[in-house]
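# Take this sequence and fold it.
(2 chains)
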Amino acid sequence: MLIADALSFHYSRAEPGQTLDFCFDMQLAPGECLAVDGPSGAGKSTLLNLIAGFLTPATGQLSWKGEDITRLKPWQRGVTTVFQDHNLFDHLPVWANIGLGMAADLRLTAEHRRRIAEGLEQVGMAEMTERLPGELSGGQRQRVALVRALLRDTPLLLLDEPFTGLDRANRETLWTQVESLKRREVAVLLVSHDVEDVEALADRRLRLVNGRLLSSVQ
Amino acid sequence: MRPVTECHHQPWWRRAEANRLILPAALVAVLLVAAVGLGSLGALLMQAPNMDVSRLWQEPWLSAILRFTLLQASLSTLLSLGGGVLVAVVLARRPVFPGRSLLLRVMEMSLVIPSLLALFGLVAVHGRQGWAASLLDYLPPGGTSSPAYLYGLSGIVLAHVFFNLPLSARVMLQALEQAPSAHWRLVAQLGLSRGSVWRTLEWPQIRPLLPRLAALVFTLCFTSFAIVMTLGGGPGSSTLEVALYQALKYDYDLALAALLAMTQLLICLGLWALAMKAGSHAPLVVAGGTVAGPVSRRDAHGWRRLSDAVVVLGLVGLLLPPLLAIVVAGLGGVPDLLGDGGIWLAALRSLAMASGAGLGAVMLALLLLAGSSHLRQHGRGLLASLIEGSGQLILVLPALVLGTGLFMLLRPGLGSDLQGYALVVLVNALMALPFAMQVLRAAVTGLSGAQRRLADQLAVHGWSRLRWLIWPNLRRPLALAMAYGMTLSLGDFSVIALFGSPSAPTLPMLLYQQLGSYRWQSAAATALLLLVLVVLVFAVLSALTRKLPRYVWRPGSVDTTGLTSGGETATAPATREEEP
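Okay, here's the model as predicted:
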């Protein structure tokens, strides 16, 4: 279980309309998908960045299965984030972008390569292993990012508006991938404005208002 | 499924801990630059306890030199920047015409063309016996005999404009090309007039560059040595840098040398301080990049074609004849070239020293930039700026001061020619450092915030981050920085003039000796060889890094993996490294 206990963060400067102080309390079980929405500047990205370790909280605690992970570095947390864009390195082909998630030094074994090929086949991109991100559509890039998330095998998946701008067919393919991760006990935190995405994937919903997680809808 | 904390058990060089080496390494680089820069200045000041500032206004010849230095540098800067704006705007408006790419390459080279070499070409075209003089003979009424405009103020300014107008124009063109292509398309769609395009798009792109570009051009002209040595003469057309050389080389008046060096330093530093306050951080060297496809603009049609053609032809007329003169004269001297072993030895000496200087400049630039980028990421902006500023300090420190100061510092230990040449390599590396830093800045700080977060999450650190994420984007700027370092050193005449041995000359020294002894044919051959070497260094380094690395996929059924990068094949082990 991922538990955020009074996890707080303070920005010294903010854009007009943005919140300065945040305090989050939430729980997320393995195999569960929790959707979070809220207006711009309410703190959705701040929440994801705190869980991913890109930001350090001022106070509070973040724990996973009883282990305190509040001070762990991003690479020590077992978290994979799929952002809205910029998920891939532009100069590396599809297979290397995925491979980086399996072996940071890209010394891939035959087994790694077999799994990469298999993952790409599952999302209908078997012939695109050597393409550069610039040669892919937005939906294909997101599929590559999700294949990497799938193969990274981390217990937490953070999705930051990952389906924005994709057509229905692409989104359905990606929903299937996320569902398969849930079945493998991956805890998924989904930030999305889209009702269809939320209804397709979320088990629970929370709303962020003024830096606080407010309501919970089963 | 991996446990949460598994990923951080990696060898130290693959982890973020490798980053901890960056700061000490950068500190060593800062100390080296500061020790050499400030140390050499300090050594000169220590040797001149009787420095009398009032000499600057009490001795008429000194105040004349100061006035002339300021006048020629200001005039050169104004003309270079003014002409540069005109050329840049025209070239941006004309993205396609025959020879444009070649013209751009020549403009890019203007920063590194050895000044003696350019002087050779300028004399061949604009000198008393030059091509232009022959043309003037045909002008009515009755022609103009022996034009002397190449000597004195006009000649010095002409030579400075020859170097700095193309440089300014190319840097401004780069800024114009970096405007979003959608803006250019919008300009075309709205059918804006030339004035409107200038106000809405061109001027806002160029304006932020101007303060630092003006400071750079002014500094280059203010501290110019070989040009003033050759085309100037007497207090009426001499500069502080030449007076400094004379004080050191002939009069051994260290007090005067220190006074001149400090005056030069303070003026340049003051100017740079003002420029840094007013300008942006856009690069002042051409770091590559491409333009969006040509856009048909309303202000590029009709009579405007003629005015644009005049500007382009003017630029061609300024640049190409001196370069052509070098080639034409040099071809006549090729038989001399083939039979003269000395010239090849000089070429080898020059290349060896240039390689050392280029490598030194690149290494120092990398260390300083990596340190400053690391500090900036950790919210230490002021310290980061100080580290970067230390690399730029060399730009305002006269090369002669650097060399002389070092000579004084190391004098007890300096004996052989070899040590003198090592000193030249070090000073050349430091002189190229500001330009190398300009080229490398964007690539070293390379990963964007989003990419850095992604790399952090994927645990791509240390060597892996460098190998897979930073190197592919760094290799081309690295080659360009190396080319700048090498070619600036290849053309150096000011430092080598102090420490070089006449019996073991570099190519510029040899050229100077040949010109001094009126061996015109041999000098032409040497000039041609120097030009070829400068062009070759750029061409070879550019060709080596032109192709992006290609990473080839090998299917999972094979036991070994072949990652092909830039033509090299690396074989990875069949089994993955053991997971902790």
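
# Whether stretch A:3-13 contacts chain B - can you check?
No: Stretch A:3-13 stays clear of chain B (C-beta under 8 Å from any C-beta of the partner chain), getting no nearer than 11.3 Å. Just so you know, the C-beta spots here come from the backbone N, C-alpha and C atoms, and that holds for glycine as well.

# Dump that stretch to PDB, restricted to CA.
Extracted in PDB, the C-alpha atoms of stretch A:3-13 (Å, rounded to 0.1, in the frame of the first residue of the first chain):
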ATOM      1  CA  ILE A   3       0.500   5.900   1.900                       C
ATOM      2  CA  ALA A   4       1.000   9.700   1.700                       C
ATOM      3  CA  ASP A   5       0.700  11.000   5.300                       C
ATOM      4  CA  ALA A   6       0.400  14.800   5.500                       C
ATOM      5  CA  LEU A   7       2.900  15.100   2.700                       C
ATOM      6  CA  SER A   8       3.500  18.800   2.300                       C
ATOM      7  CA  PHE A   9       5.200  21.100  -0.100                       C
ATOM      8  CA  HIS A  10       5.600  24.900  -0.400                       C
ATOM      9  CA  TYR A  11       6.400  26.900  -3.500                       C
ATOM     10  CA  SER A  12       8.100  30.300  -2.800                       C
ATOM     11  CA  ARG A  13       6.700  31.700  -6.000                       C
END
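
# Next, the closest residue to B:Leu331 other than its chain neighbours: secondary structure please.
Excluding the flanking residues, the one nearest B:Leu331 by C-beta to C-beta, 6 or more residues apart in numbering or on different chains is B:Leu528, at 7.0 Å. Of the three states, B:Leu528 takes helix under DSSP: H, G, I helix; E, B strand; the rest coil.

# wait, B:Leu528 sits on B:Leu324?
No: using C-beta atoms under 8 Å, B:Leu528 makes no contact with B:Leu324, being 11.3 Å away.

# Could you tell me how many residues sit around B:Phe435?
A count of neighbours around B:Phe435, defined by other C-beta atoms under 10 Å in any protein chain shown, yields 25.

# so what's it up against?
By C-beta atoms under 8 Å, 6 or more residues apart in numbering or on different chains, the residues touching B:Phe435 are B:Leu111, B:Val285, B:Ala361, B:Ala481, B:Tyr484, B:Gly485, B:Leu488.

# ok but it is inside a helix, no?
Yes: applying three-state DSSP, one finds B:Phe435 inside a helix.

# For B:Gly121, pull up the helix or strand it's in.
Using DSSP states H and E, the element containing B:Gly121 is helix B:115-126.

# what mean pLDDT does that helix have?
Summarised as a single mean, pLDDT over helix B:115-126 is 86.

# just checking, next helix/strand downstream of that helix?
Next along from helix B:115-126, by DSSP H and E: helix B:131-137.

# Check which helices and strands that following helix sits against.
With contacts defined as 3 or more C-beta pairs under 8 Å, 6 or more residues apart in numbering or on different chains; DSSP states H and E, helix B:131-137 has these neighbours: helix B:115-126, helix B:304-332.

# just the angle between the longest one and helix B:115-126, please?
So that's helix B:304-332. Orientation of helix B:304-332 against helix B:115-126 (axes from the mean of the first three to the mean of the last three C-alpha atoms, to 10 degrees) gives an angle of 110 degrees.

# Next, the nearest residue to A:Thr70 once chain neighbours are set aside: secondary structure please.
Leaving aside its sequence neighbours, A:Thr70 sits nearest to A:Leu62 (C-beta to C-beta, 6+ apart; 4.7 Å). At A:Leu62 the chain is in strand, as set by three-state DSSP.

# quick one: low-confidence parts of chain A?
Chain A contains residues with pLDDT under 70 at A:13-19, A:215-218.

# Show me what stretch A:120-130 is in contact with.
Stretch A:120-130 is contacted from outside by A:93-95, A:98, A:116-117, A:136, A:140, A:143-144, A:146-147, A:173-174, A:177, B:551-553, using C-beta under 8 Å, 6+ apart.

# Whichever of those end up buried, select them in PyMOL.
In PyMOL, the members of these classed as buried (16 or more other C-beta atoms under 10 Å in any protein chain shown) are selected with the following command:
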select buried, (chain A and resi 93+94+95+98+116+117+136+140+143+144+146+147+173+174+177) or (chain B and resi 551+553)
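
# Which members of the contacts of stretch A:120-130 occur in helices, if any?
Secondary structure from DSSP state H places A:94-95, A:98, A:116-117, A:140, A:143-144, A:146-147, A:173-174, A:177 of the contacts of stretch A:120-130 in helices.

# So what's the gap between the helix holding B:Gly121 and the chain middle?
Centroid separation for helix B:115-126 versus its chain: 20 Å, with C-alpha atoms, centre = their mean, to the nearest Å.

# quick revisit: ranking the helices and strands packed on helix B:131-137 by mean pLDDT, which is last?
helix B:115-126 (a mean of 86).

# Which of the contacts of B:Phe435 sits closest to B:Trp303?
Nearest to B:Trp303 among these, counting by C-beta to C-beta, is B:Leu111 at 34.2 Å.

# tell me which element that closest one falls in.
Element membership for B:Leu111 (DSSP H and E) is empty, with no helix or strand holding it.

# Please tell me how far the residue lying closest to it once chain neighbours are set aside sits from chain A.
Of all residues not flanking B:Leu111 in the chain, B:Leu167 sits nearest, at 5.2 Å (C-beta to C-beta, 6+ apart). In this structure, B:Leu167 and chain A are 30 Å apart, going by C-beta to the nearest C-beta, to the nearest Å.

# Isn't B:Gly130 up against B:Gly121?
No: using C-beta under 8 Å, B:Gly130 makes no contact with B:Gly121, being 9.6 Å away.

# so can I have a markdown table of the helices and strands packed on helix B:131-137 showing mean neighbour count?
A markdown table is the format used below for the helices and strands packed on helix B:131-137 (neighbours: other C-beta atoms under 10 Å in any protein chain shown):
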| stretch | mean neighbour count |
| --- | --- |
| helix B:115-126 | 24 |
| helix B:304-332 | 16 |
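
# now for the ones you listed, which one comes closest to A:Leu2?
Ranking the helices and strands packed on helix B:131-137 by distance to A:Leu2, with C-beta to C-beta as the measure, places helix B:304-332 first at 63.9 Å.

# helices or strands next to the closest one in the packing?
helix B:60-93, helix B:100-109, helix B:115-126, helix B:131-137, helix B:153-177, helix B:520-546.

# need the least confident one among those, by mean pLDDT.
Mean pLDDT values for those show the minimum at helix B:131-137, a mean of 76.
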